[in-house]
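Visitor: have a look; sequence and predicted model below, questions after that.
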Amino acid sequence: MEKKELIIFGAGGHASKLIGIIEEQGHFNILGYISTEKPGTILHNYPVLGDIEDYTGSTALQEKYYHIAVGENSVRHRIYQVVNSPGHSRERLAAVISSHSLISPDAVVERGTAVAHNAVIWNRVKIGICCIIDTGAIVEHDAVIGDFVNISPGAVICGGVNIGWGAAVGAGATIIEKVKIGENTLVGAGSIVINDIDANVMAVGNPARVVRKRKFTETYLR
């Protein structure tokens, strides 16, 4: 089968990790990156093609498949809004799914989502657009993960959990059964969540407690 041509938005650490998964998939030929780096710069064996203005000004680039390989939810969402302007097909938004992950046949993983090595997604799970299910994360049966969510390495999402749009779950955190996490809420690394958490807050600890409000544009990656 002929490989499709793929452009990657972002050229940082998250993108570098996904390169190996994309190459392993064998579905795409990577053309290069849309990034703020100087055009022609070689990063992780592929060239920078230009910035987002170059992309939106080029019909040829817009005809390619693409993946938004950016860890921050708010930045990923901002790029998505620009790229998915009227006339641009979301059908070319590609998922990146490791062959070393385990995904139930009846799980739903939407376009643009990245699933890293050793992630596990069990039965009747629904995962939205442009999410990250990172290395070794576990999403148990009947969980619902909204669009633009980041589940960090080693996090455990137990059965029936509902995580709202734009939320992030830190590395090694655990959310117990049937808990609801509000939109844009950040669960800190290593936290244990045993009760529902409202939208637009940061919660940390064992058990996790709300420590402050947060804005969607706040960084949570260092």
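Guide: Everything's here; your move.
Visitor: remind me which residues of the protein are low pLDDT?
Guide: Applying pLDDT under 70 to the chain flags residues 1, 85-89, 222.
Visitor: tell me where it has helices.
Guide: Secondary structure of the chain (DSSP state H): helices located at 13-25, 52-56, 59-62, 73-83.
Visitor: of all those helices, which one is nearest Glu2?
Guide: Comparison of the helices of the chain against Glu2 by Cβ to Cβ identifies helix 13-25 as nearest, at 14.3 Å. C-beta here means a position set from N, CA and C on the backbone, and glycine is covered the same way.
Visitor: that closest one versus helix 73-83: what angle between them?
Guide: If you take axes from the mean of the first three to the mean of the last three Cα atoms, to 10 degrees, helix 13-25 sits at 60 degrees to helix 73-83.
Visitor: return the distance of helix 13-25 from the chain's centre.
Guide: 13 Å (Cα atoms, centre = their mean, to the nearest Å).
Visitor: who's in contact with it?
Guide: The contact list for helix 13-25 (Cβ atoms under 8 Å, 6 or more residues apart in numbering) reads 6, 8, 28, 30, 33, 43-46, 67, 69-71, 96-99, 114, 116-117, 132, 135.
Visitor: generate a PyMOL selection restricted to the buried entries among the residues you listed.
Guide: Remark: buried members of these, expressed as a PyMOL selection using 16 or more other Cβ atoms under 10 Å:
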select buried, resi 6+8+28+30+33+43+44+46+67+69+70+71+96+97+98+114+116+117+132+135
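Visitor: domain parsing of the chain, as residue ranges.
Guide: The chain breaks down by automatic domain parsing into domains covering 4-92, 96-213.
Visitor: quick one on the thing from earlier: mind giving me JSON lines with the helices of the chain and columns for distance to Ile103?
Guide: Below are the helices of the chain laid out as JSON lines (distance: least, Cβ to Cβ, whole Å):
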{"stretch": "helix 13-25", "distance to Ile103": "13"}
{"stretch": "helix 52-56", "distance to Ile103": "30"}
{"stretch": "helix 59-62", "distance to Ile103": "30"}
{"stretch": "helix 73-83", "distance to Ile103": "21"}
